[in-house]
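Peer 1: All I have is the shape, not the residue letters:
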């Protein structure tokens, strides 16, 4: 399965990476874990997000805020997009934020 993922760094830089992943679900999970672990550098949390017209997944450090990692403004905007699209009356309220680097996968890669 050919796909791309986007590394979203807390320093406002992004990097798009094209890769080939296994079609086997278990093997693909191992491959995505191996990709994300060094980038996120922490306990992996999979966050469902609405991006480019559909649902996909972003991988973040579950304990990023507790570790004092910096605010990731770009990843937080992607995360907040769920509220903006699906609960517009709540948009602007205090919603959780992403701290540290994140990995955004194309639709259907991480399940």
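Peer 2: That came in fine, so what should we check first? Bear in mind the structure is a predicted one, so any value in this text is a computation, not a measurement.
Peer 1: Going by C-alpha atoms from here, please, whenever you check contacts or count neighbours.
Peer 2: OK.
Peer 1: Give me the residues contacting stretch 33-45.
Peer 2: For stretch 33-45, contacts defined as Cα atoms under 8 Å, 6 or more residues apart in numbering pick out 7, 59, 60, 61, 62, 63, 64, 100, 101, 102, 103.
Peer 1: Verify the assumption that the third one is located in a strand.
Peer 2: Yes. Assigned with DSSP: H, G, I helix; E, B strand; the rest coil, residue 60 falls within a strand.
Peer 1: Identify the residue spatially nearest to it, adjacent ones excluded.
Peer 2: residue 102 (4.8 Å; Cα to Cα, 6 or more residues apart in numbering).
Peer 1: tell me the contacts of the one you found?
Peer 2: Going by Cα under 8 Å, 6+ apart, the list of residues near residue 102 reads 7, 8, 9, 39, 40, 58, 59, 60, 61, 75.
Peer 1: Apply 6 Å and report the result again.
Peer 2: Residue 102 makes contact with 7, 8, 40, 59, 60, according to Cα atoms under 6 Å, 6 or more residues apart in numbering.
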